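> sequence below, structure please.
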Amino acid sequence: SVASDEGEPVPDNEKENEEGKEVEGGESDIVVEPGDVLEVSERPLKLAAKSLNTQLDQLVGIITSAKTKFTYLHRIVISSIVMQEVHNRDVVQQLIDSSVQNPEAFE
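Numbers count the residues shown, from 1 in each chain. As a prediction, the model looks like this:
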């Protein structure tokens, strides 16, 4: 924690950057402005794909190891979550396969 102008401690999650904007976690070395174009490398995409696959595997494992029957509502919610995770995985894989390097590289 740091002290505010009045000398009271300010929680880390309420710190502000030099422009007065709140910064998550209190500190940031990178400031991204609207309209900035960021280069995308393949490595973070591959890490994201690996993470999504792991999450999907864990989700399927939880579902298949459940000892109780799911209610109709639970089945609908679980189905929606699985479909969203599969979609996320497929989109990231498509970005990797297409060698996307720039967020503006879309049709």
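
> for the helix or strand containing Arg89, buried residues please.
Element membership for Arg89, per DSSP states H and E: helix 72-97. Across helix 72-97, burial judged by 16 or more other CB atoms under 10 Å covers 85, 88-89, 92-93, 95. In this view, the C-beta of every residue, glycine as well, is placed from N, C-alpha and C.

> can you tell me which of those is nearest Ser79?
Nearest to Ser79 among those, counting by CB to CB, is Glu85 at 10.9 Å.

> in this structure, where is pLDDT below threshold?
For the chain, applying pLDDT under 70 flags the ranges 1-42, 106-107.

> mind jotting down where the strands sit in it?
Along the chain, counting by DSSP state E, strands occupy 2-3, 9-10.

> how about the helices in this structure?
Remark: helices assigned in the chain by DSSP state H are 42-65, 72-97.

> closest one to Glu104 among those?
Of all those, it is helix 72-97 that lies closest to Glu104, at 13.2 Å by CB to CB.

> elements contacting that closest one?
For helix 72-97, the contact count by 3 or more CB pairs under 8 Å, 6 or more residues apart in numbering; DSSP states H and E identifies helix 42-65 as packing neighbours.

> same for the helix it packs on, what does it pack against?
When contacts are defined as 3+ CB pairs under 8 Å, 6+ apart, helix 42-65 sits against helix 72-97.

> the helix it packs on vs helix 42-65, what angle?
160 degrees (axes from the mean of the first three to the mean of the last three CA atoms, to 10 degrees).

> how close does Lys50 get to Gln93?
The spacing between Lys50 and Gln93, counted by CB to CB, to the nearest Å, is 11 Å.

> scratch that, Gln101 is what I was asking about
Gln101 is 16 Å from Gln93, by CB to CB.
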